[in-house]
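S.K.: what would the 3D arrangement of this be:
(chains A and B)
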Number of protein chains: 2
Amino acid sequence: MNPEDTIEIDDTLEALKQALNRDDLAAAGGLVARLPISKTLDELERLNDRDRAVLYRLLDKERALAVFERLDPTLQSELIQGLQDSDVAEVFDNLSPDDRVGLLDELPSVVARRLLLGLSSRERALTDAILGYGQGSIGRSMSPEFISAHPWTTVDQALEKVRRGLDDAETIYTLPVTDAGRTLVGIISLRDLLRADPLKTVGEIMVDAESVRATVDEETAARRCADLQVLALPVVDTENRLLGILTVDDALRIIEAAESEDAARSGGTEPLRRPYLSTPIWEIVKSRVVWLLVLAVGATLTVRVLHEFEATLAEVVVLTSFIPLLIGTGGNTGNQAATTVTRALALGDVRTRDILRVFAREIRVGAMLGLLLGALGFVIAALIYSPDIGWVIGLTLGGVCTMAATVGGIMPLLGKAIKADPAVFSNPFITTFVDAAGLILYFLIAKAVLGI
Amino acid sequence: MNPEDTIEIDDTLEALKQALNRDDLAAAGGLVARLPISKTLDELERLNDRDRAVLYRLLDKERALAVFERLDPTLQSELIQGLQDSDVAEVFDNLSPDDRVGLLDELPSVVARRLLLGLSSRERALTDAILGYGQGSIGRSMSPEFISAHPWTTVDQALEKVRRGLDDAETIYTLPVTDAGRTLVGIISLRDLLRADPLKTVGEIMVDAESVRATVDEETAARRCADLQVLALPVVDTENRLLGILTVDDALRIIEAAESEDAARSGGTEPLRRPYLSTPIWEIVKSRVVWLLVLAVGATLTVRVLHEFEATLAEVVVLTSFIPLLIGTGGNTGNQAATTVTRALALGDVRTRDILRVFAREIRVGAMLGLLLGALGFVIAALIYSPDIGWVIGLTLGGVCTMAATVGGIMPLLGKAIKADPAVFSNPFITTFVDAAGLILYFLIAKAVLGI
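M.R.: Predicted coordinates:
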């Protein structure tokens, strides 16, 4: 089915919603069977809890499993708690070990423990192997179900091993190559195996393997998988022994979640960790209120600063008019620098030890921007008000831009250095700081230039 | 080699830099051969133009190709312009058609034309097939080199076709299934082919195919590939005829680029489209200055508003002290809403037609946040200053939060509706608007409560 046949699909969706509204489950079941998986996923992510549970139970077994393993862990956890115990056990058993651990992290610990006990001993061992790694490390998101080969096996034997692993392995398309001590010594793709002379050994045709340690954080590992454009990346321990494999589809999922988190943080909210429309209002408020309060408390600094300079303001009232423009421009310049550097950090283009290079770049960028905006501000303010006011505005703009870009550029790096999320130390945080510092600069310049 | 052997690799990198500095190319060549591809990539992305070209030419042919196809198109374009014509032709010929088109978009048109003429007729035809689609559409990023099967062929015949396509196809792991008229009718994985009885037909074991139209924008297509957790997604025309295939590693690349663009835009800058440390200072200034000017011009609105209320401010100077706090809180609330909705739009969790639902949610979230912050603001300002000032601050905070969340929430949707990038209409834009509107609200409330 072509999912771009939107008219037909929209009709089906509309009919489905009506059927759900009038509780006509038979009709709804028939309709949902006609939707492609991608649309069923979209729909489930947009419904409220109750309707989501109803719709999910209408799916036939195969589609239900296909849909379930593609849902966010938070939604999985809610769904599973509404299902019958026997269904739960089946769904849980069918998940791959890494997805299972993702779900376990979301479930109440009582439920999680009960589910773990219900697993077969093989599945339990696989799950335990991942559960041993810290949350957020790639060890937790890797799959322990890989097919590996030894350098001395023939291509033919390796292909035979692939055939035996068809049902269970996370991927059959990339085979890490290990020596007798499980040490990673190379990697080979199924494509290369198929292309090679069946009597050659794996050692003859394997290539150098890039890998990540299990303790590395999952975003770093996923980005490396992306940079290398490989379908799978072996995960190893400190001794370079093979532990598992990170597949590109899991890397994609990790990157999307990391991006959501960064976007939320640099917008001054906590990540929702679930689709927007299916998030209860109260959860959204919770994700925002703490940051808003922290920033408001930070902003009381500006109240203090302005209170300090009340006499100056009373003398030259026109200075007030420029306050939002000046601190706004400072905030914008700071945000620009912070956004660029936070992004470069996320992509691995910049590391904490580059702090001096970043400082040197941002101070120059800030000075150039300051010169430009300052000159413009001077001309406009001088023409409309007076040359004196022109000087105050121009100099302040120049100083604020330079300071803001520099602070904005190095703040994410400092955040990362103290092991905080760089995005937290970014935009709103910088705005608050730059606001107060900019005001002080403004009044110092005003006092000096105007002689008050 | 294990890339986590960081000490050894760091030593190699240090020695490499020193060798480059003293122009000892022989030593540098020996050192670079010991680096894994991922580190070589990192290094190339951090060097300036000249050193990058030098280092690249030191790579042996195989590594040079492997590195080249993983670089950003902007860097590819700069590198290729520094190479000899014969080398260029070889590099260009070795790229897959979709990567080739990505590079062509970056090259000066004279160079691009010359390179196209140098291609073999087969490669030229493949490249032309993609060049026909608009920039930013998935048609341009798909690969036309796929292996497909017909429903009536046997599993054995399909496997034979895979073997014949081993060298050229973009992927051999996912086979779209088409009828005699090239219409997409299903899809099958190599894993399922290997698992099946060789005498069965493809039609018996294929599954329903999800697909995207070639004209769909590349981010939407890549996100669908991610949502479905598939290794490849067929790309079709309006008649559902198969045109090409989008592989998950290309999807990942598209998503990373889209995220970089969104992050930049919501931070009020243009995306750099190349690694931060290798971007010339002047390019960074250019990426920021236009937005900074636009926002500064927008901010003159606040100068106008404050000028209008100068008499009120002169009468009650204390009102000035709260200006940055109030507009700051408004800006933060607006940014939070805009960030959340922009992200939901990017992920496909929210569509433009959900505007009323988003409005209804954000107005409630904003009102709840406003009630909370307003009550707090009332108490603090009433205690420190006077109950009257308390009322002004409390009511303004309540109003500003409600307004900011609502505007912040629907603005990205309006932006998308008029086909602009939602991220552009987001944070800095909203801050500017909310600043001016917040000030007007502040003074209206102050006048009413204080009776001035």
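
S.K.: pull out the buried residues from stretch A:99-117.
M.R.: For stretch A:99-117, burial by neighbour count (16 or more other CB atoms under 10 Å in any protein chain shown) applies to A:99-104, A:106-107, A:112, A:115-116. Yep, even glycine has a C-beta here, placed from its N, CA and C like the rest.

S.K.: for that stretch, what is the average pLDDT?
M.R.: For stretch A:99-117, mean pLDDT is 85.

S.K.: circling back: save the buried residues of stretch A:99-117 as JSON lines, and put in distance to A:Thr183 and secondary structure too.
M.R.: Listed next are the buried residues of stretch A:99-117 as JSON lines, based on distance: CB to CB, whole Å; DSSP: H, G, I helix; E, B strand; the rest coil:
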{"residue": "A:Asp99", "distance to A:Thr183": "28", "secondary structure": "helix"}
{"residue": "A:Arg100", "distance to A:Thr183": "28", "secondary structure": "helix"}
{"residue": "A:Val101", "distance to A:Thr183": "25", "secondary structure": "helix"}
{"residue": "A:Gly102", "distance to A:Thr183": "29", "secondary structure": "helix"}
{"residue": "A:Leu103", "distance to A:Thr183": "32", "secondary structure": "helix"}
{"residue": "A:Leu104", "distance to A:Thr183": "30", "secondary structure": "helix"}
{"residue": "A:Glu106", "distance to A:Thr183": "35", "secondary structure": "coil"}
{"residue": "A:Leu107", "distance to A:Thr183": "36", "secondary structure": "coil"}
{"residue": "A:Ala112", "distance to A:Thr183": "34", "secondary structure": "helix"}
{"residue": "A:Leu115", "distance to A:Thr183": "34", "secondary structure": "helix"}
{"residue": "A:Leu116", "distance to A:Thr183": "31", "secondary structure": "helix"}
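
S.K.: now, which of those residues sits nearest A:Leu372?
M.R.: A:Gly102 (48.6 Å; CB to CB).

S.K.: which parts of the stretch 101-250 of chain A sit against chain B?
M.R.: Counting by CB under 8 Å from any CB of the partner chain, the residues of the stretch 101-250 of chain A close to chain B are A:162-163, A:166-167, A:172-173, A:184, A:190-191, A:194-195, A:208-213, A:216, A:224-231, A:236, A:240, A:248-249.

S.K.: again, only using 6 Å
M.R.: By the rule CB under 6 Å from any CB of the partner chain, the part of the stretch 101-250 of chain A lying against chain B is A:166, A:172-173, A:191, A:194-195, A:208, A:210-211, A:213, A:224, A:226-229, A:240, A:248-249.

S.K.: of those residues, which belong to helices?
M.R.: A:191, A:194-195, A:224, A:226-228, A:248-249 (DSSP state H).

S.K.: any idea which of those is closest to A:Leu395?
M.R.: A:Asp227 (44.3 Å).

S.K.: tell me how far the host helix or strand of A:Phe378 lies from the chain's centre.
M.R.: Assigned by DSSP states H and E, A:Phe378 belongs to helix A:355-384. Relative to its parent chain, helix A:355-384 has a centroid offset of 33 Å by CA atoms, centre = their mean, to the nearest Å.

S.K.: pLDDT below threshold where in the stretch 251-400 of chain A?
M.R.: Within the stretch 251-400 of chain A, the set of residues satisfying pLDDT under 70 is empty.

S.K.: which stretches of it form helices?
M.R.: A:281-308, A:310-315, A:318-321, A:323-346, A:355-384, A:387-417 (DSSP state H, counting those that start in this stretch).

S.K.: what is the helix or strand just after the longest one packed up against?
M.R.: Where DSSP H and E defines the elements, the next helix or strand beyond helix A:387-417 is helix A:427-450. Using 3 or more CB pairs under 6 Å, 6 or more residues apart in numbering or on different chains; DSSP states H and E as the contact criterion, the elements in contact with helix A:427-450 are helix A:281-308, helix A:323-346, helix A:387-417.

S.K.: deepest of the ones you listed, which one?
M.R.: helix A:323-346 (a mean of 29; mean count of other CB atoms under 10 Å in any protein chain shown).

S.K.: quickly check: that one near chain B or not.
M.R.: Yes - remark: helix A:323-346 sits within contact range of chain B at A:323-325, A:327-329, A:332, A:335-336, A:339, A:343-344, by CB under 6 Å from any CB.

S.K.: among those, which two are most distant?
M.R.: Spanning the widest gap among the residues of helix A:323-346 next to chain B are A:Ile323 and A:Ala344, at 32.0 Å by CB to CB.

S.K.: could you list the domains of chain A?
M.R.: A:1-134, A:153-265, A:279-448 (the TED database).

S.K.: A:Leu166 reaches B:Leu193, doesn't it?
M.R.: No - proximity of A:Leu166 to B:Leu193 does not meet the contact threshold set by CB atoms under 6 Å, at 10.1 Å.

S.K.: tell me which of these two has more neighbours.
M.R.: Between A:Leu166 and B:Leu193, counting by other CB atoms under 10 Å in any protein chain shown, B:Leu193 is the more crowded of the two (22 against 14).
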